[in-house]
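A.B. asks: Below is the structure, and that's it, no one-letter string:
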């Protein structure tokens, strides 16, 4: 995760690079071996200073299509993404059904969101998701939050899997032109397996 800051439409200013191992198991993603500029830290990802985000690997996609989210999808339209002619569906999720939590210091809020998802019509697989937070309370320190996730096919042990490969997140302070911009790349995929044997 390469982290930048920016004033208005000015140039992005590099801050640092945060790396971590993501483990996805039993429908839950966790983070370990967090490093900042390649230096190990004993902090959890959620405890480091500056802007960070989680959920891009799997949670955002699962939450959007979870029936409990009651997402309202519009009819599709054609649009190309990553060289593939896809169908784009706009969506809305109300705050009462949302799992998207924004946090600043000790303050947090669950927000409504809108966005679009690009779907490959031949496989029904999601190729891209764009999300924008909506109706953030006026007393919350940030007033703009956006996220985008791109998916592509990745080879793991000779098999092809559609997985997230790139994501970006943007957050802007309320009443200010100051924004943080994180660019996330997913690399070095591995599938972990274990075998057990019960002996008499």
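C.D. replies: Arrived safely. Bear in mind the structure is a predicted one, so any value in this text is a computation, not a measurement.

A.B. asks: Low-confidence ranges, this structure, go.
C.D. replies: Within the chain, the segments meeting pLDDT under 70 span 192-200.

A.B. asks: Pull the contacting residues for the most centrally placed residue in the chain.
C.D. replies: Compute the mean C-alpha point of the chain, and by C-alpha atoms, centre = their mean the closest residue is residue 56, 2.4 Å away. Contact analysis of residue 56 by C-beta atoms under 8 Å, 6 or more residues apart in numbering lists 147, 149, 164, 167, 169, 184. Heads up, the C-betas are built off the backbone N, CA and C, glycines and all.

A.B. asks: Skipping its backbone neighbours, what lies nearest it in space?
C.D. replies: Once flanking residues are discounted, residue 56 sits nearest to residue 167: 4.1 Å by C-beta to C-beta, 6 or more residues apart in numbering.

A.B. asks: strand partners of whichever strand or helix holds the one you found, parallel vs antiparallel please.
C.D. replies: Secondary structure from DSSP states H and E places residue 167 in strand 159-173. Partners of strand 159-173 in the sheet, by DSSP bridges, are strand 142-156 (antiparallel), strand 178-185 (antiparallel).

A.B. asks: For residue 134, see how far away the residue nearest to the centre of the chain is.
C.D. replies: Residue 56 sits 19 Å away from residue 134, going by C-beta to C-beta, to the nearest Å.

A.B. asks: thinking again about what came up before, farthest pair in the contacts of residue 56?
C.D. replies: The span of those, defined through C-beta to C-beta, is set by 164 and 169 at 12.8 Å.

A.B. asks: residues in contact with the host helix or strand of residue 130?
C.D. replies: Secondary structure assignment for residue 130, by DSSP H and E: strand 125-134. If you take C-beta under 8 Å, 6+ apart as the criterion, strand 125-134 is touched by 60-61, 64, 81-82, 84, 86, 100, 102, 111-120, 144-152, 162.
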